[in-house]
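In: got a structure for you, letters missing:
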């Protein structure tokens with residue numbers, strides 16, 4: 001029994017499998033039948049349609065019977081332009097992409113979306129929400145159009161490329177494209193590619209034919225017009241040649257004008273014509289030529305009036321007037337008001353008047369008119385006559401000139417004879433003048449390249465010689481030369497004490513001495529002032545140049561006899577060698593020598609320095625740093641910090657010393673001392689102090705709120721403010737502009753500057769003390785000034801040099817510090833210890849009697865963020 005049941009279940013299982021296979025096979029046949037019918041229907045109407053629009057509409061109707069295609073469009077790739085186009089579009093929600101994105105190129109819109117993605121990948125894309133999100137996040141596509149539920153794009157392929165995309169969209173979850181429908185889409189897209197290409201080719205061919213037809217029609221009309229214009233131009237050219245020949249003929253005036261009439265009659269019909277001319281005084285008018293179809297008599301000369309001819313002469317413009325125009329001019333009183341008897345225009349239908357310009361002004365007119373209504377002149381006739389009138393005027397001008405020329409020849413011959421005799425005498429004087437001018441030119445050439453005072457070559461001539469030498473060294477690499485840049489050390493003192501005349505004698509004597517130090521093939525030149533340069537040609541090496549430099553120093557160190565007294569001088573010499581760089585130029589070598597000369601001056605003068613590229617690079621870095629500081633001041637990049645000054649015993653803050661710092665982008669934080677050194681080199685110490693005072697003025701109120709109303713400030717100021725009255729006046733004005741009580745400010749000046757210019761400091765201190773500002777000396781003891789000199793100064797405080805706190809382990813230093821303290825006590829000065837860095841120093845100073853000081857041991861530096869208006873400790 002069990003075996004029978006098992007056997008029966010196996011038979012049932014086999015039958016189920018066979019039924020499943022039969023269903024799949026039936027489904028496959030059904031899909032094949034649907035596909036076949038669809039392709040057959042597409043093939044049928046593809047053979048019937050004649051336009052792409054008709055084909056795409058029929059295709060949509062056929063597809064819609066098989067697949068939901070309410071949201072369907074076709075995108076094709078134009079083989080000529082390479083751009084994507086949409087020949088058919090049907091959608092429930094979206095309008096056509098060109099209307100949806102009017103500011104974009106349609107091809108760019110499609111290329112950045114799903115359609116472009118299918119064209120790039122050449123694969124069928126079935127896109128749902130998740131797939132769309134992934135493509136957008138990976139930036140493979142740009143979001144376009146309304147949100148869809150499902151999007152299917154199948155590529156339309158030709159033999160070797162993809163030419164378009166069939167796109168189906170579903171906005172409803174009830175409409176999903178299954179495998180059969182997608183497969184059908186692929187079949188359809190594959191079989192319609194040939195039809196699309198055929199229609200595109202047919203459309204392109206029709207467009208090409210239409211374009212070519214239009215081009216040929218335009219070309220024909222253009223050629224026809226060119227033939228007409230060419231014939232017209234030939235007639236015009238022939239007429240102009242005839243007019244030019246008339247100008248050179250020997251015929252009389254009547255025949256001349258008759259021939260002109262005959263010539264212009266070949267261009268347009270002229271039965272009535274006359275030429276009028278103004279007399280020399282321009283107050284009367286004559287008529288040298290007149291012809292009329294009614295055999296009217298020649299008008300007689302008459303005074304200028306208000307006739308139609310005078311109207312043309314007055315306005316100096318060609319005019320074409322018909323009967324109505326003439327009537328309006330008569331009725332408005334413009335013409336024939338003063339002389340109505342001259343009006344014979346009643347029968348005239350059209351009237352053309354063209355002014356004739358001779359010697360640049362209107363001297364007559366060419367007039368053509370018609371009585372017949374069948375003969376009508378046009379604007380082009382006016383333009384033609386205007387053009388011809390210029391040549392007629394030229395011919396008349398030549399005819400008149402020929403007549404006057406004949407008379408002038410006789411007068412000219414007499415004048416030539418007279419002038420010839422005069423020229424004979426003038427030529428002798430001219431020959432002398434030419435010789436004098438040649439001498440002057442030679443002298444000018446010499447002066448242009450030589451110094452007027454010493455007679456030496458100047459900068460221009462020296463640079464020419466240097467340029468030639470550089471070119472020579474480049475061709476002959478073994479040759480060497482050197483340049484010595486010489487600057488006299490005490491020339492300014494000589495000019496100020498003995499005068500410019502003795503200064504000129506000094507320079508002349510110097511030039512003679514330098515000439516004795518060089519060879520005949522070398523060159524000595526004066527650049528200006530007390531600067532000389534020597535070019536040493538064809539030397540063996542650097543030692544030869546050094547030998548010449550030593551000779552020059554020895555020669556120039558000998559005393560000069562000036563103004564009946566001896567004057568000692570010296571020179572600073574910069575030496576530059578050739579061959580140090582392949583990019584050497586005359587300017588660069590002279591600049592290197594100049595740089596080395598300034599190094600010699602900084603080494604103490606009376607010496608020579610050989611240019612060193614490494615040292616020069618450091619100078620360039622220093623200059624760059626100086627320029628960066630200038631920009632930092634302009635851009636307000638420097639910040640402010642405050643160093644506390646405290647009571648040594650109680651650690652109570654007594655005052656603050658403001659200091660600047662700068663966060664340099666590469667060098668890091670630069671403090672006040674470093675900024676002072678940079679500013680000293682670029683002559684910006686006063687600007688740096690002004691910047692400090694301005695920041696202090698801005699931040700004082702906030703510091704006062706943080707540290708009390710009796711806030712005392714110790715500001716370190718450069719003595720350059722005291723060197724001349726304008727700088728001192730500016731400092732006083734800046735102190736007066738402080739927005740806080742000046743009694744709370746103490747200005748400290750360096751002792752070394754005080755020692756170097758004591759009298760100037762005493763005078764300036766007296767002037768500053770009148771402002772009720774406190775004054776002090778800082779770095780006291782660094783210059784060892786006499787204590788007695790302090791009695792002449794209206795100061796209130798002293799700050800010891802920081803080096804004394806660092807050497808308190810020496811008993812001698814302790815005694816010296818004690819002496820300074822006692823002197824300050826005796827003079828009733830406040831005295832501050834500076835540079836206190838440890839407790840031992842603090843204890844020793846307190847034993848000596850010091851009660852006030854500053855240093856790293858005493859409080860933290862406070863940095864002020866001025867842009868945020870708050871204080872950060």
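Out: Everything's here; your move. Note that the structure is predicted; figures quoted are calculated from it, not measured.
In: tell me where the longest helix sits in the protein.
Out: Counting by DSSP state H, the longest helix found in the chain is helix 379-448.
In: which elements pack onto it?
Out: Applying 3 or more CB pairs under 8 Å, 6 or more residues apart in numbering; DSSP states H and E, one finds that helix 379-448 contacts helix 193-247, helix 253-265, strand 319-322, strand 350-358, strand 361-370. Every C-beta, even on glycine, is put in place using the N, C-alpha and C of the backbone.
In: okay if I get these as a markdown table plus mean neighbour count?
Out: Converted to a markdown table, those look like this (neighbours: other CB atoms under 10 Å):
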| stretch | mean neighbour count |
| --- | --- |
| helix 193-247 | 13 |
| helix 253-265 | 16 |
| strand 319-322 | 17 |
| strand 350-358 | 21 |
| strand 361-370 | 21 |
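In: does residue 284 touch residue 278 like I think?
Out: Yes. Counting by CB atoms under 8 Å, residue 278 is a contact partner of residue 284 at 7.4 Å.
In: for these two, indicate the residue with more neighbours.
Out: A direct count of neighbours by other CB atoms under 10 Å for residue 284 and residue 278 places residue 278 higher, at 20 against 13.
In: just to revisit the earlier point, which neighbours do residue 284 and residue 278 have in common?
Out: residue 304 (CB atoms under 8 Å, 6 or more residues apart in numbering).
In: helix or strand for residue 554, which one?
Out: Following DSSP states H and E, one finds residue 554 within helix 542-556.
In: what mean pLDDT would you report for the top strand by length along the chain?
Out: When the chain is parsed with DSSP state E, its longest strand is strand 653-664. Across strand 653-664, pLDDT averages out at 92.
In: partners of the helix or strand just after that strand, with directions?
Out: Where DSSP H and E defines the elements, the next helix or strand beyond strand 653-664 is strand 668-670. Strand pairing for strand 668-670, using DSSP bridges, gives strand 653-664 (antiparallel).
In: which other residues reach the partner strand?
Out: Contacts of strand 653-664 (CB under 8 Å, 6+ apart): 628-629, 632, 637-647, 669-672, 675, 688, 691-692, 695-696, 703, 707, 711-716, 746, 852, 854, 859, 861-863.
In: among these, which lie within helices?
Out: 628-629, 632, 672, 675, 688, 691-692, 695-696, 703, 707.
In: need those in a markdown table with neighbour count and pLDDT, can you?
Out: Output for the ones in helices among the contacts of strand 653-664, formatted as a markdown table (neighbours: other CB atoms under 10 Å; pLDDT from 0 to 100):
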| residue | neighbour count | pLDDT |
| --- | --- | --- |
| 628 | 17 | 83 |
| 629 | 24 | 84 |
| 632 | 18 | 86 |
| 672 | 19 | 88 |
| 675 | 23 | 86 |
| 688 | 21 | 90 |
| 691 | 19 | 92 |
| 692 | 20 | 92 |
| 695 | 18 | 92 |
| 696 | 21 | 91 |
| 703 | 20 | 87 |
| 707 | 17 | 84 |
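In: turn those residues into CSV, columns for distance to residue 64.
Out: Formatted as CSV, these follow (distance: CB to CB, whole Å):
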residue, distance to residue 64
628, 75
629, 80
632, 75
672, 86
675, 83
688, 85
691, 82
692, 85
695, 81
696, 85
703, 84
707, 87
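In: so which of those is the closest to residue 753?
Out: Nearest to residue 753 among these is residue 688, at 15.2 Å by CB to CB.
In: ok, which stretches of the stretch 501-650 of the chain are helices?
Out: Applying DSSP state H, counting those that start in this stretch to the stretch 501-650 of the chain gives helices spanning 542-556, 586-602, 613-634.
In: can you add distance to residue 79 and give those helices back as a markdown table?
Out: Shown next, in a markdown table, are the helices of the stretch 501-650 of the chain (distance: least, CB to CB, whole Å):
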| stretch | distance to residue 79 |
| --- | --- |
| helix 542-556 | 75 |
| helix 586-602 | 61 |
| helix 613-634 | 59 |
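In: weakest of those helices in terms of mean pLDDT?
Out: Of all the helices of the stretch 501-650 of the chain, helix 613-634 has the smallest average pLDDT, which comes to a mean of 72.
In: please report how far the residue lying closest to residue 692 once chain neighbours are set aside lies from residue 673.
Out: Residue nearest to residue 692 in three dimensions, not counting chain neighbours: residue 660, with 5.6 Å by CB to CB, 6 or more residues apart in numbering. As judged by CB to CB, to the nearest Å, residue 660 and residue 673 stand 10 Å apart.
In: pLDDT wise, what is the residue lying closest to residue 627 once chain neighbours are set aside at?
Out: Nearest in space to residue 627, with sequence neighbours left out and distances taken as CB to CB, 6+ apart, is residue 682 at 7.9 Å. Residue 682 carries a pLDDT value of 75.
In: and residue 682, its phi and psi?
Out: phi -100, psi 10 (degrees, to the nearest 10).
In: pull the contacting residues for it.
Out: Applying CB under 8 Å, 6+ apart, the residues contacting residue 682 are 626-627, 629-630.
In: hmm, try it at 10 Å
Out: 622-623, 625-627, 629-630, 688 (CB atoms under 10 Å, 6 or more residues apart in numbering).
In: just checking, residue 492 touches residue 503?
Out: Yes. With contact defined as CB atoms under 10 Å, residue 492 counts as touching residue 503 (9.1 Å).
In: overlap of the contact sets of the two?
Out: Common neighbours of residue 492 and residue 503 (CB under 10 Å, 6+ apart) are 529-530.
In: what about these two, which has more around it?
Out: Looking at residue 492 and residue 503 with other CB under 10 Å, you find the greater number of neighbours at residue 503, namely 21 against 12.
In: how is this protein divided into domains?
Out: The record assigns the chain these domain ranges, following automatic domain parsing: 11-200, 248-404, 459-611, 625-872.
In: from the contacts of residue 682, keep the buried residues only.
Out: With burial judged by 16 or more other CB atoms under 10 Å, the buried subset of the contacts of residue 682 is 625-626, 629, 688.
In: closest to residue 728 out of the residues you listed?
Out: The closest of these, once distances to residue 728 are taken by CB to CB, is residue 688, at 17.1 Å.
In: excluding chain neighbours, what is closest to the closest one?
Out: The nearest residue in space to residue 688 (CB to CB, 6+ apart) is residue 679, at 4.4 Å.
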